[in-house]
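Participant: Take this sequence and fold it.
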Amino acid sequence: MRKLVTAAFVSLDGVMQAPGAPQEDPTGGFTLGGWTVNYWDESMGGFMDGIFTDPFALVLGRKTYEIFAAHWPFVSKDDPIGKAFNAATKYIATTSAEPLTWENSVALRGDAAAEIARLKQQDGPDLLTQGSRGLLQTLLAHDLIDELRLLTFPLILGPGKRLFGKGAKPEALKLTANSVSTTGVVMSVYERAGAIKTGTFELAQPSEAEIARRERMKREG
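Facilitator: As a prediction, this is how the structure comes out:
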């Protein structure tokens, strides 16, 4: 069995739309594309290199696939990420009948969650998502993500496509690595840690004021 790793750039308020360029994804009137560009430093490069060090296969949604397929095959042959992406097997969750022109691309045209769950059961390199916000909502809803590698930028972007949508299920995570770039980007690795364990700081015997507050909450909703 191989694990599924999600790597993503997110703003402090959780937006992941169009991190690399203004025209990457302006849908919904998003005007701040390219918001990661001015934050890169050597430590961020090292974090990203760590994501691509071991063999991997890409799992992408159709829109991210189209962005990548219009970019990575055309970069310098010496570009290390380009070499890795071009050589990797790419599994594309799509309902489109359009041909996939990027080398080593495989269409997943059935139930995306079922298809990716099947891939996880097979032998092979770990599965890695990039971008693909729509697909991530399906993966989160079906508990298919094993590890999150997040770069959180010191920005509030407001409206935009967010990493965690309504389909995300409650679960605990374990922080396994954490560092901060010279530009304030927090680079974190999280693994799944089971169900959320709740507790309380309430008084053993609630005060009359607390009892009244609870009753008011029930009435007001």
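
Participant: Give me the contacts around whichever helix in the chain runs longest.
Facilitator: Determined from DSSP state H, the single longest helix within the chain is helix 208-220. Helix 208-220 has contacts (Cβ atoms under 8 Å, 6 or more residues apart in numbering) with 202-203, 206. All C-beta spots, glycine's among them, are computed from the backbone N, C-alpha and C.

Participant: wait, isn't residue 153 in contact with residue 9?
Facilitator: Yes - with contact defined as Cβ atoms under 8 Å, residue 153 counts as touching residue 9 (6.7 Å).

Participant: Tell me the residues that contact both of the two, please.
Facilitator: Common neighbours of residue 153 and residue 9 are listed as residue 36 (criterion: Cβ under 8 Å, 6+ apart).

Participant: quick one: buried residues of whatever helix or strand residue 86 lives in?
Facilitator: Per DSSP states H and E, residue 86 falls inside helix 80-87. Buried residues in helix 80-87, counted by 16 or more other Cβ atoms under 10 Å: 82, 84-86.

Participant: what about it, average pLDDT?
Facilitator: Helix 80-87 carries an average pLDDT of 94.

Participant: which helices and strands does it pack with?
Facilitator: helix 42-52 (3 or more Cβ pairs under 8 Å, 6 or more residues apart in numbering; DSSP states H and E).

Participant: Doesn't residue 200 belong to a helix?
Facilitator: No - per DSSP: H, G, I helix; E, B strand; the rest coil, residue 200 lies outside any helix segment and is coil.
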